[in-house]
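Trainee: Starting from these lines, generate the structure:
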Amino acid sequence: MTRRSPRIATIVPILVCVAGIAAMVTAGAAPASAPVAKKSCGTITSTSSFDRAEVIKIRGVGCRKARKVARRFDHQGEEEGHWQCGLAHNDAPRLFSCGRGPGSGDLRDRPHALEARGVTS
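Mentor: Reported below is the predicted structural model:
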C-alpha cells in the first residue's frame, strides 16, 4: 500500500474545488441566449388598420414561409400548420406574432418565430 504525503492529500481536494468553482463561473458568464438578429422579409397587404404589414423573421424560419404564415393569419385569421399566432395588444405598431415549437409564453421566444408590424403607406 502506497502512502500519500500529507501535502498532496490536502492539495488535491482544494484543486478539485477550485476547478469546480471556475467551471461554474465560466458557465454563469455565458449569456442565457444569443442576441436575436431580426430580419425584414418585406411587406404583405394587411386587413388590419394598417394598409401593409412588414413581416420580420426572428429565428428558425425563411422569408418565404414567414410571409406565408403571416399572410394566412392576417387575411384568414387561421394558423398555418403547427404555427401558433397571437394578436399584439398595446404594442403598436406590432400587429401579431407567430411561433412554432416547444415553449410557452411569448410566441417570439419559440425556436421558430416571426412578427408582423403595421406600416403606413
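
Trainee: Now the residue most central in space within the chain. Nearest residue, chain neighbours left out?
Mentor: Taking C-alpha atoms, centre = their mean as the criterion, residue 109 is the residue nearest the geometric centre of the chain, at 3.6 Å. Among residues not flanking residue 109 along the chain, residue 103 sits closest, at 5.9 Å (C-beta to C-beta, 6 or more residues apart in numbering). Every C-beta, even on glycine, is put in place using the N, C-alpha and C of the backbone.

Trainee: how far away is the residue nearest to the centre of the chain from residue 75?
Mentor: 25 Å (C-beta to C-beta, to the nearest Å).

Trainee: what sits against the residue nearest to residue 109?
Mentor: Contacts for residue 103 (C-beta atoms under 8 Å, 6 or more residues apart in numbering) come out as 109, 110, 111.

Trainee: Around the second one, how many other residues sit close by?
Mentor: By the measure other C-beta atoms under 10 Å, the count of residues near residue 110 is 23.

Trainee: how about it, what does it touch?
Mentor: 60, 84, 99, 100, 101, 102, 103.

Trainee: would TSV of these with secondary structure and pLDDT be doable?
Mentor: Below are the contacts of residue 110 laid out as TSV (DSSP: H, G, I helix; E, B strand; the rest coil; pLDDT from 0 to 100):
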residue	secondary structure	pLDDT
60	coil	96
84	strand	97
99	strand	97
100	strand	97
101	coil	95
102	coil	93
103	coil	89
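
Trainee: Restricted to buried residues, select the residues you listed in ChimeraX.
Mentor: Here is the ChimeraX command that selects only those of the contacts of residue 110 that count as buried (16 or more other C-beta atoms under 10 Å):
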select :99,100
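
Trainee: Just the closest of the contacts of residue 110 to residue 115, please.
Mentor: Residue 115 lies nearest to residue 99 out of these, by C-beta to C-beta, at 9.4 Å.
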